[in-house]
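Visitor: here is my input, please return the structure:
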Amino acid sequence: MSAARPIRAALLSVYHKDRLAPLVATLRRLGVTLYSTGGTQQFLEEQGAEVTAVEDLTGFPEVFGGRVKTLHPKVFGGILHRRHEASDLAQAEQHGIPPIDLVVVDLYPFEETVASGAPEQDVIEKIDIGGIALLRAAAKNYRDVLVVSSRDQYEAVTQLLEETNGSPSYDDRRRYAAAAFAATSHYDTEIFKYVSQGTGLAAASPVTSPQGTATPLRYGENPHQAGSFIGDLGALFDQLHGKQLSYNNLVDVDAAVQLMREFPADGAPAVAILKHTNACGVAQAASLHEAYTNALACDPVSAFGGVIIVNKEVDLATAQELNKLFFEVLIAPSFAEDALPVLQSKKNRILLRQKPVSLPNKLFKTLLNGVIEQDADLQTETAKDFRTVTKSAPSPDETAALEFALKICKHTKSNTIVLARPGQLLASGVGQTSRVDALRQAIEKAGSFGFDLHGAVMASDAFFPFPDCVEIAGAAGIRAVVQPGGSIKDQDSIDACDRLGMAMMLTGVRHFKH
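Guide: Numbering: from 1, shown residues only. Below is the predicted model of the structure:
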């Protein structure tokens, strides 16, 4: 089996040219022969690269308005001939077919054209033929060829070629081939869904059809696990700075985006800091700077190396404060012009500008030898959903704090207890096997960072089976509690609240998160 194989010739044919320049620079440094067509060729030449036009390689011009460019034996023979087969090498030499070791293709934006509402003829013209064929050919011959199937892969491939001095391994080539087949499968599925409208033919299930281009990641959750992202990050974010998002970054970014959906952009400035998908700081305030300061105060230790998300434009004052902390990712709807240079001062810091886009309402997870599916948890209870079950009712400030705490509780790993005051998370106990343990963890953590819990509130993701949580919370100074209820011993907890002068609200809705 072949191992590392040097790249000596590459074919580049891409629709989007952004993010391509660093890869081109690396290929030039490695002395790779470049073949290209049309607009891609022009872009490469603008980068100072020497390029051989595909029509000069084939001796045949582009025809039919560019519909046929690369579909020629000298192109596909260069990709598909087997370097370990003497007969293939002899035929390649006989017919003057040079080897092509790297294929970089960014397909026509078919989905985007459909989404734009363009007329049918415009949509049809965005069905890529040559690009799909190039990807499949290169992916098929991954023993000898490296294939790049998305602009989201440019940075990772550039880094791979730099690290391997232009000689990717067999495992690297196979991984990118798998991503290419995922990309072509998804692309063809989207075309089928469009063309089949009104025909009565059923589109593929999202469980069996990957939804988007597969981008290989450096590794999965741990270095010994392979990983990739299947989807279109470019539709959700503009990456303004930093290294490629890792598997763990993506998991935390997803958790951050889901949590910030609770704090829309038209509300008060909000900041959330997450670590391992759980919020270690959340705050709302009159300014983003104040919200960040309050969020960081919740747990400045866990915030180190975390993911931060905000719901307002990052201004200079907030950027300067953020810049004092080491964090992995910052997500914002926009960045002020004078704030960006401050945040870009750290080379690897990832800055994401989030675009307004709808997120899936269905969640899927592999489990045992199959897949489980559920609706996304889009329900959030507010004061109008609360039912007072104690003699005391919460004050307006306590009610606001309960609403705030419940938003965070919903996005925290079960079993969880969240302690808060209006607009600020004080502490949380996360992922505990016992609700009592979660509460004790939260109380201890709040105390370690100097928070006085007298007058604070508590939210629980599920009911209290016994009154012990209420009793422990009351002793710590907690004055109001919100929980779903539903235990056969609810009354025991209600009675405990009454003895301690605490208010308890029931919502009737559980928010487990596993």
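Visitor: and what about His186, helix, strand or coil?
Guide: helix (DSSP: H, G, I helix; E, B strand; the rest coil).
Visitor: what number of residues lie near it?
Guide: The number of residues packed near His186 is 22, by other CB atoms under 10 Å. The C-beta positions use only the backbone N, C-alpha and C, and glycine is treated the same way.
Visitor: mind checking how far it is from Thr215?
Guide: 12 Å (CB to CB, to the nearest Å).
Visitor: what sits in contact with each of these two?
Guide: Residues touching both His186 and Thr215 by CB atoms under 8 Å, 6 or more residues apart in numbering: Ile230.
Visitor: report all helices and strands that the helix or strand of the chain with the lowest mean pLDDT contacts.
Guide: When the helices and strands of the chain are compared on mean pLDDT, DSSP states H and E, strand 214-217 comes out lowest with a mean of 80. Other helices and strands packing on strand 214-217, by 3 or more CB pairs under 8 Å, 6 or more residues apart in numbering; DSSP states H and E, are helix 154-164, helix 170-195, strand 227-230.
Visitor: now Gln320. Nearest residue, chain neighbours left out?
Guide: Leaving aside its sequence neighbours, Gln320 sits nearest to Val342 (CB to CB, 6 or more residues apart in numbering; 5.8 Å).
Visitor: and for Leu135?
Guide: Ala180 (4.7 Å).
Visitor: so which of the helices and strands packed on strand 214-217 is nearest Lys243?
Guide: For Lys243, the closest of those is helix 154-164, at 7.8 Å, according to CB to CB.
Visitor: touching, Val470 and Gly501? I think so.
Guide: No. Between Val470 and Gly501 there is no contact under CB atoms under 8 Å: 11.5 Å.
Visitor: so which of the two has more stuff around it?
Guide: Neighbours per residue (other CB under 10 Å) separate Val470 from Gly501, with Val470 holding more: 28 against 11.
Visitor: name the helix or strand for that one, please.
Guide: In this assignment (DSSP states H and E), Val470 forms part of helix 468-476.
Visitor: in that helix, which residues are buried?
Guide: Neighbour-count burial for helix 468-476, counted by 16 or more other CB atoms under 10 Å, picks out 468-474, 476.
Visitor: ok, so of those residues, who is nearest Cys280?
Guide: Of all the buried residues of helix 468-476, Cys280 sits closest to Ala476, with 19.7 Å by CB to CB.
Visitor: these two touch, right, that closest one and Ile443?
Guide: Yes. Ala476 sits in contact with Ile443 when judged by CB under 8 Å, with a separation of 5.0 Å.
Visitor: who touches both of these two?
Guide: Between them, Ala476 and Ile443 share these contacting residues under CB under 8 Å, 6+ apart: Leu453.
Visitor: just give the closest residue to Phe237, not the sequence neighbours.
Guide: Closest to Phe237 by CB to CB, 6+ apart is Leu352, at 4.3 Å.
Visitor: what's around that neighbour, how many residues?
Guide: The tally of other residues near Leu352 (other CB under 10 Å) stands at 25.
Visitor: which residues does it contact?
Guide: Remark: with contacts taken as CB under 8 Å, 6+ apart, Leu352 is in contact with 237-240, 253, 329-332.
Visitor: Ser167 contacts Pro6, doesn't it?
Guide: Yes. Ser167 lies in contact with Pro6 (CB under 8 Å); the separation is 4.5 Å.
Visitor: does the residue lying closest to Val282 once chain neighbours are set aside count as helix, strand or coil?
Guide: Beyond its immediate neighbours in the sequence, the residue positioned closest to Val282 (CB to CB, 6+ apart) is Leu425, lying 4.2 Å away. Under the three-state scheme (three-state DSSP), Leu425 adopts strand.
Visitor: tell me the pLDDT of the residue in the chain sticking out farthest from the centre.
Guide: Distance from the C-alpha centroid of the chain peaks at Gln94, with 48.5 Å (CA atoms, centre = their mean). pLDDT for Gln94: 91.
Visitor: against Arg83, how distant is it?
Guide: 16 Å.
Visitor: and what of Thr70?
Guide: Taken as CB to CB, the span from Thr70 to Arg83 is 20 Å.
Visitor: which of those two has more residues huddled nearby?
Guide: Between Thr70 and Arg83, counting by other CB under 10 Å, Thr70 is the more crowded of the two (26 against 15).
Visitor: name the spans of the stretch 51-200 of the chain whose pLDDT lies under the cut-off.
Guide: The stretch 51-200 of the chain contains residues with pLDDT under 70 at 63, 65-67, 69.
Visitor: what about the helices in it?
Guide: Ranges of helices in the stretch 51-200 of the chain, per DSSP state H, counting those that start in this stretch, are 54-58, 73-80, 86-94, 110-115, 120-125, 130-140, 154-164, 170-195.
Visitor: would you turn those helices into CSV with distance to Ala265?
Guide: Formatted as CSV, the helices of the stretch 51-200 of the chain follow (distance: least, CB to CB, whole Å):
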stretch, distance to Ala265
helix 54-58, 47
helix 73-80, 47
helix 86-94, 58
helix 110-115, 22
helix 120-125, 32
helix 130-140, 37
helix 154-164, 29
helix 170-195, 30
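Visitor: so which of those is nearest Val314?
Guide: Proximity of the helices of the stretch 51-200 of the chain to Val314 was assessed by CB to CB; the nearest stretch is helix 154-164, lying at 22.9 Å.
Visitor: now do that closest one and helix 170-195, the angle between them.
Guide: 160 degrees (axes from the mean of the first three to the mean of the last three CA atoms, to 10 degrees).
Visitor: got a list of contacts for helix 154-164?
Guide: Identification of contacts with helix 154-164 by CB under 8 Å, 6+ apart yields 4, 7, 19-20, 22-23, 26-27, 30, 104, 146, 148, 168, 172, 176, 215-218, 243-244.
Visitor: mind doing that once more with 7 Å?
Guide: Residues outside helix 154-164 that contact it (CB atoms under 7 Å, 6 or more residues apart in numbering) are 4, 19-20, 22-23, 26, 30, 148, 168, 172, 216, 244.
Visitor: roughly how far is it from the heart of the chain?
Guide: 21 Å (CA atoms, centre = their mean, to the nearest Å).
Visitor: enumerate the positions of it that are buried.
Guide: So, applying 16+ other CB under 10 Å, buried residues of helix 154-164: 154-161.
Visitor: what do you get for stretch 501-514?
Guide: Within stretch 501-514, the residues scored as buried using 16+ other CB under 10 Å are 502-507, 510-511, 513.
Visitor: in the stretch 251-400 of the chain, which spans are strands?
Guide: Listed in chain order, the strands of the stretch 251-400 of the chain (DSSP state E, counting those that start in this stretch) span 270-275, 278-284, 307-310, 329-332, 350-354, 362-367, 370-375, 387-388.
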